[in-house]
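Enquirer: Quick one: sequence plus predicted model below, questions after.
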Amino acid sequence: APRVSRGGDLDGRVVVVSAGGTREPLDPVRFIGNRSTGMQGIALARAAHERGAQVVLVAANVPAARQEEAPGLSVLDVETTAELRAAVREHARAADVVVMAAAVADFRPTSVAAHKIKREGVSEQTVTLTANPDVLAELARDRLRAGQVVVGFAAETGDVTTSVLEHGRAKARRKGADLLAVNEVGDGKGFGTPDNAVTFLDRDGREVGAADGTKVAVAHALWDVVVRLAPLAGH
Ligand code: CTP
Ligand code: CA
């Protein structure tokens, strides 16, 4: 694709951002989903576009994403993890940076009922789930374009034995991504709010930055880290 110059420190770069949350169908009318609204992903796409990048926004169940369409910012609507994976990987082949901001369903129903599941005479239901591929880990492993920067987001709650940041460090090492933005979710943090607080970890789990404020501010802070850390490919 032609690289159009619009000014900014991401001038002419190609970036892919996934946003929202994937849904996995149970039957024609029901799905298993999550609470991601897509706000952080939209902010990331918009910020990259403002900074000159050519942006592909892969939007999982984010109706508002359509309105982001602009010259240099294309929106691809997806529903399931399989659709998101295919769209991200296709466009990642030309991308300098891929940011996985979407909340990807870890599991999907092993079989999808062809007809609406009926309740009559049923007092208990079991749903069997199959693990989905880890899109981020695959991108980090496959490096679909040489020198590509792969970025993930980790939503953590912390638990009795392990803090948010400790979970984040372990995840950074496990995923193999160049950068992991760790944020605390739950208790009114993260999902559906205009604000976010993240710590940026490198692939060894070392802290390389932090941001606290609006999702727009967090988005710009992420691009700052990407520009600072990585000599981007193809230039
Ligand atoms: N991710 C992905 N594919 C999946 C699950 C997650 O690409 N099947 C990506 C997300 O887009 C995010 C990062 O991995 O960028 C971290 O997601 P998260 O849910 O925090 O991590 P998981 O590895 O799924 O671990 P867990 O949910 O068990 O904490
Ligand atoms: Ca997960």
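Expert: Great, that's in hand. Ligands and ions are numbered 1, 2, ... in the order given.
Enquirer: I'd like the distance between Ala131 and Arg89.
Expert: 18 Å (Cβ to Cβ, to the nearest Å). The C-beta positions use only the backbone N, C-alpha and C, and glycine is treated the same way.
Enquirer: more crowded one of these two?
Expert: Arg89 (16 against 8; other Cβ atoms under 10 Å).
Enquirer: quick check, the more buried one in a strand?
Expert: No: under DSSP: H, G, I helix; E, B strand; the rest coil, Arg89 sits outside any strand and is assigned helix.
Enquirer: how far away is it from Ala140?
Expert: Where Ala140 is concerned, Arg89 sits at a distance of 12 Å (Cβ to Cβ).
Enquirer: before we move on, what about Ser123?
Expert: 45 Å.
Enquirer: try Asp9
Expert: To Ala140, Asp9 is 24 Å away according to Cβ to Cβ.
Enquirer: for the record, mean pLDDT for the longest helix along the chain?
Expert: Determined from DSSP state H, the single longest helix within the chain is helix 215-229. Averaging pLDDT along helix 215-229 yields 95.
Enquirer: quick one: buried residues of that helix?
Expert: Using 16 or more other Cβ atoms under 10 Å as the test for burial, helix 215-229 gives 215-216, 218-227, 229.
Enquirer: Kindly report the residues of this structure close to ligand 1.
Expert: 100, 102, 104, 106, 132, 134-136, 152-155, 171 (Cβ under 6 Å from any ligand atom).
Enquirer: Which member of those residues is positioned nearest Arg93?
Expert: When these are compared for distance to Arg93 (Cβ to Cβ), Val135 wins out at 14.3 Å.
Enquirer: Quick check: chain neighbours aside, which residue is closest to the most centrally placed residue in the chain?
Expert: In the chain, the centroid-proximal residue (Cα atoms, centre = their mean) is Ala101; its distance is 2.0 Å. Among residues not flanking Ala101 along the chain, Gly41 sits closest, at 3.9 Å (Cβ to Cβ, 6 or more residues apart in numbering).
Enquirer: List the contacts of that neighbour.
Expert: Val17, Ser18, Ala19, Gly20, Leu57, Ala59, Val62, Val99, Ala101, Ala102 (Cβ atoms under 8 Å, 6 or more residues apart in numbering).
Enquirer: With Ala43 instead?
Expert: Thr214, Lys215, Val216, Val218, Ala219.
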